[in-house]
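Chemist: the amino acid sequence is not available; the structure is as follows:
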């Protein structure tokens, strides 16, 4: 109960800070100003440059690219988590003869060791591959498939696609925290779509 209360409080604080107005602080790092001015991906209306906690203050290009990489990775994982959560909550379990619980947290506890081993090895393989791809020349943060070789940020359609991915990832990160709090605090793991 205590853990669920802590998670609920942290989710509320995190989601509230996402909608707080951005602080107008003059930045001393010329690298950050150049990064903000040269980059068009991720700076979208209505929030503009999204940094509610001021984590980018005084950071150089290398750190900011690392932050963008982390934001894209966490966003992609959160989007997959939201999709997986509702597939599981609907009672769909492709493996284990659908014998696992429809509550995704209970299903995670019921998952046999071989399932966890498969999950950890799969995530590890993706991480290793991602680190190998980062070594190639001209790597752009988050571009694991090499699209930067064929298109750059001068193409409006490509920039629009990247902005959609960043924004959907940001929303999914907030959504999965809310979903987890809903299940931990209220033991309600489904959505209205699954109610009869």
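Modeler: Nice, thanks for sending it over. Note that this is a predicted model, so its numbers are computed, not measured.

Chemist: pull out the buried positions in stretch 71-89.
Modeler: 71-73, 75-76, 78-79, 81-82, 85-86, 88-89 (16 or more other C-beta atoms under 10 Å). Placement of C-beta: from N, CA and C, glycine included.

Chemist: now, the residues you listed that are in helices?
Modeler: Here DSSP state H is the test, and the buried residues of stretch 71-89 give 71-73, 75-76, 78-79, 81-82, 85-86, 88-89 as lying in helices.

Chemist: how close does residue 160 sit to residue 143?
Modeler: Taken as C-beta to C-beta, to the nearest Å, the spacing of residue 160 relative to residue 143 amounts to 16 Å.

Chemist: those two: which is more packed in?
Modeler: For residue 160 versus residue 143, the count of surrounding residues by other C-beta atoms under 10 Å is larger for residue 143: 17 against 13.

Chemist: so which residues of this structure form helices?
Modeler: Under the criterion DSSP H, helices of the chain are mapped to 2-18, 30-38, 61-89, 104-110, 113-134, 156-186.

Chemist: and the residue nearest the centre of the chain?
Modeler: With distances taken as C-alpha atoms, centre = their mean, the residue of the chain nearest its centroid is residue 75 (1.8 Å).

Chemist: helices and strands of this protein: which one bottoms out on pLDDT?
Modeler: Within the chain, judged by mean pLDDT, DSSP states H and E, the helix or strand with the poorest mean is helix 2-18; its value is a mean of 50.

Chemist: returning to that earlier point: which of the ones in helices among the buried residues of stretch 71-89 lies closest to residue 135?
Modeler: residue 73 (16.7 Å; C-beta to C-beta).

Chemist: and the nearest residue to that closest one once chain neighbours are set aside, how many neighbours?
Modeler: Spatially, and ignoring its direct neighbours in sequence, residue 73 is nearest to residue 142 (7.2 Å; C-beta to C-beta, 6 or more residues apart in numbering). Counted with other C-beta under 10 Å, the burial measure for residue 142 works out to 23 neighbours.
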